[in-house]
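Colleague: Provided below are the primary sequence and the corresponding predicted coordinates.
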Amino acid sequence: MAKDGMTIGALADRTGLAVSAIRYYEAQGLIAPWRNAGGQRRFERADLRRLSFVMIAQQFGFTLPQIKAELDLLPGGRTPTKADWARISSGFRASLDQRIDALTRLRDNLDGCIGCGCLSLPSCALYNAADKAGQNGAGPRYLMGDRP
């Protein structure tokens, strides 16, 4: 890394991200490089950690707006510290627990489900209990726009 910051290529090499992805994250406000006298983007070493945070949060299934909202809570656009991560991960954990519970219910009821009242089964334990969707007509009612 040069004394005057990292180039976008160096940041791409270090993170494994494509240059276009780094530019996209910049456009989304997740990182904020500065420009040198020649107009080239330069990144701080801390941007490695910010991008790593973004990549990890995405692996957990969080959207860029959700990730940005967390990063925006940090003063001065700084990189999350250990204490920040403890706070952020607590919120992430709650969200992940909810998704795990929903996926567990889905998995446990999957053998009796073909989804959203598609065939108006009278015994769909997940989305169409008592064949409520069938009362509105034939076909995949929820996929056709009916609300569960």
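Modeller: The structure has been received and is ready for your questions. A quick note: this is a predicted structure, and the numbers were derived from the prediction, not measured.

Colleague: For the longest helix along the chain, the averaged confidence score.
Modeller: In the chain, with assignment by DSSP state H, the single longest helix is helix 82-109. The average pLDDT within helix 82-109 is 85.

Colleague: What residues sit buried inside it?
Modeller: D84, I88, F92 (16 or more other CB atoms under 10 Å). For the C-beta atoms, the positions are set from N, CA and C on the backbone; glycine is no exception.

Colleague: How about residues contacting stretch 56-66?
Modeller: For stretch 56-66, the surrounding residues in contact (CB atoms under 8 Å, 6 or more residues apart in numbering) are Y25, Q28, L30, V54, I67, E70, F92, S95, L96, R99.

Colleague: quick one: buried residues of that stretch?
Modeller: Buried, per 16+ other CB under 10 Å, within stretch 56-66: A57, F62, Q66.

Colleague: From R141, how far out is the first one?
Modeller: Read that as A57. 36 Å (CB to CB, to the nearest Å).

Colleague: cool, and the second one?
Modeller: Separation of F62 from R141 (CB to CB) stands at 31 Å.

Colleague: With the last one instead?
Modeller: As judged by CB to CB, Q66 and R141 stand 31 Å apart.

Colleague: Helices of the protein, start to end?
Modeller: Counting by DSSP H, the helices of the chain are 8-15, 19-27, 46-59, 64-72, 82-109.

Colleague: CSV please, covering those helices and showing distance to G39.
Modeller: Below are the helices of the chain laid out as CSV (distance: least, CB to CB, whole Å):
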stretch, distance to G39
helix 8-15, 12
helix 19-27, 15
helix 46-59, 18
helix 64-72, 26
helix 82-109, 32
